[in-house]
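> Can you look at this prediction? I've put the sequence above it.
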Amino acid sequence: MDSDRSSQRRSDVGSIIAHHQAIDDANSLASIDRPPSEVEDLPPAKIYRPLSIHVLALLMPASIFGVLARLGLQALVTYNGQSIFPLAYVQATGCFIMGIGLKMKVPFGNFYGPLYTAMTTGFCGSLTTFSGWQVDVFDSWVNSGQFNRGGLRDFVDGLTKTWVTLVLSLASLKFGIYVCGLAQPYFPAPRPPTRNVRYILTILSILTYAATFPAYFLLPHNFRHEATAALLFSYPGTLTRYILSINLNPRLKTIPLGTLMANSLGTALLGFFHVLQGFPSAVSPNTCSLLQGLGDGYCGCLTTISTFAAEIVALKGRKAWSYTIISWIIGQLLLLVIMGSSFWGGHVREQMTCSFQTS
């Protein structure tokens, strides 16, 4: 028994999932967001602390590319007559890539550890969105699209978005781990980057995020609500989630507290921003763009399905179910209080009244 536990502590989460094992203590899941460390038997020279400048810097472009991938994928799969709700593609893609990242944690550590955190916490965490999923489900309950259907079908639609997202995300994560396990032996390990290359990569990462500020102000105004405002708030959202994860996830043995807090906070904020966008007397176009950017960028990156799915798969049965149900119920209750009370009080419209600048 002791050897099994110590083996689990030495194994990365991807390997644990691949071998159909489970983690009994949720605080062991804190390693999902952390860069590879001595737990993966890395030499001290290759270990980067969670708040190292190299780790934090690489989260910047990873967050930006994650948001761009989410917005682009949603735009691609949103059309009249669509058979699948757009976020399904987003969550499945992000969780599949997350599975690959989890399985490659040790190779990432041997190559350049901060890239692991950039791929999983940064890119996948920003591509997938827990808050967007929760609002999507709640919009189905209240029929915000004003579709010609009864209350029962509103319930069925919300329930479908709930279980399809969960099943698709968990399956995609496991599939990513499986595919990576098959392909990994055929790819030789590359040489680690030199010290100069590592520092150049860090500087370029910081400059990439710095470029989002002139992009917001200098590009045409219609780009603001479509992308540039979201890019502006992407890294702060990811950084908030990352700090909550590394500080709070080790605190409890029952559930990953940091991820739960990040997902709950982001869902509440996204509901609040939706309410502000639905006032009868619409706010200014610039404010509308900022609210859209806060929703797509900050809340989208603050909340995550990919890490959430990895934690569910890695936890033992009852704890996994409890964590899933608690997270979902908290999200829906927050939206019921924030959005529901505003809609049914007659102060806010269920449809967005914001208008954006088009030139």
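Everything's here; your move. Residues are numbered from 1 along each chain as shown.
> how close does the nearest residue in space to Thr78 that is not next to it in sequence sit to Gly300?
Leaving aside its chain neighbours, Thr78 sits nearest to Pro86 (4.9 Å; criterion: Cβ to Cβ, 6 or more residues apart in numbering). The way it works is simple: take the backbone N, C-alpha and C, and place the C-beta from them, glycine included. Pro86 sits 13 Å away from Gly300, taking Cβ to Cβ, to the nearest Å as the criterion.
> repeat for Ile325
23 Å.
> And these two? Which one has more around it.
Higher neighbour count among Ile325 and Gly300: Gly300, with 32 against 10, using other Cβ atoms under 10 Å.
> now the helices: where do they sit in the stretch 251-359 of the chain?
Ranges of helices in the stretch 251-359 of the chain, per DSSP state H, counting those that start in this stretch, are 257-276, 285-293, 300-302, 306-314, 317-335, 341-344.
> okay, the ones you listed, which one's buried deepest?
Most buried of these by mean neighbour count (mean count of other Cβ atoms under 10 Å) is helix 300-302; its value is a mean of 33.
> quick one: contacts of that helix?
Applying Cβ atoms under 8 Å, 6 or more residues apart in numbering, the external contacts of helix 300-302 come out as 63, 66-67, 70, 125-126, 129, 131-132, 230, 233-238, 240-241, 262, 265-266, 269.
> In helices, which of these fall?
63, 66-67, 70, 125-126, 131-132, 230, 233-238, 240-241, 262, 265-266, 269 (DSSP state H).
> which residues touch the residue lying closest to Ile47 once chain neighbours are set aside?
Nearest residue to Ile47, sequence neighbours excluded (Cβ to Cβ, 6+ apart): Ser37, at 5.3 Å. By Cβ under 8 Å, 6+ apart, the contact set of Ser37 is 31, 47, 109, 113.
> possible to save those as CSV with pLDDT and distance to Thr121?
Compiled in CSV, the contacts of Ser37 are given as follows (pLDDT from 0 to 100; distance: Cβ to Cβ, whole Å):
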residue, pLDDT, distance to Thr121
Ser31, 82, 12
Ile47, 88, 17
Gly109, 91, 15
Gly113, 93, 12
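> Narrow those to those in helices?
Gly109.
> What is the nearest of the contacts of Ser37 to Phe96?
Ser31 (20.5 Å; Cβ to Cβ).
> didn't the closest one look like it was pressed against Ile16?
No. Counting by Cβ atoms under 8 Å, Ser31 sits too far from Ile16 to count as a contact (10.2 Å).
> Give me the neighbour count for the closest residue to Gly317 other than its chain neighbours.
Nearest residue to Gly317, sequence neighbours excluded (Cβ to Cβ, 6+ apart): Ala22, at 7.5 Å. Applying other Cβ under 10 Å, we find 15 residues neighbouring Ala22.
> Any figure for the gap between Ser126 and Leu159?
Relative to Leu159, Ser126 is positioned 27 Å away (Cβ to Cβ).
> So the two - more neighbours on which side?
Remark: of Ser126 and Leu159, Ser126 carries more neighbours, 32 against 13, as counted by other Cβ under 10 Å.
> and that one, what does it touch?
Applying Cβ under 8 Å, 6+ apart to Ser126 gives the contacts 62-67, 70, 234, 237-238, 300-301, 304.
> just curious, which of the contacts of Ser37 is nearest to Asp154?
Ranked by distance to Asp154 (Cβ to Cβ), the contacts of Ser37 are led by Ser31 at 40.4 Å.
> which residue packs closest to the closest one, ignoring adjacent ones?
In space, and not counting its chain neighbours, Ser31 is closest to Val39: 6.0 Å by Cβ to Cβ, 6+ apart.
> which SS state does that neighbour fall under?
Put simply, Val39 is helix when judged by DSSP: H, G, I helix; E, B strand; the rest coil.
> pretty sure it is touching Ala30, no?
No. Here Val39 lies out of contact with Ala30, judged by Cβ under 8 Å, at a distance of 10.2 Å.
> Those two: who's more crowded?
Ala30 (22 against 17).
> Could I get the pLDDT score of the more buried one?
pLDDT for Ala30: 78.
> again with Val142
90.
> dump the residue contacts of it.
Per Cβ under 8 Å, 6+ apart, neighbours of Val142: 154, 339-340, 343, 350.
> so which of those comes closest to Leu168?
The closest of the contacts of Val142, once distances to Leu168 are taken by Cβ to Cβ, is Asp154, at 21.3 Å.
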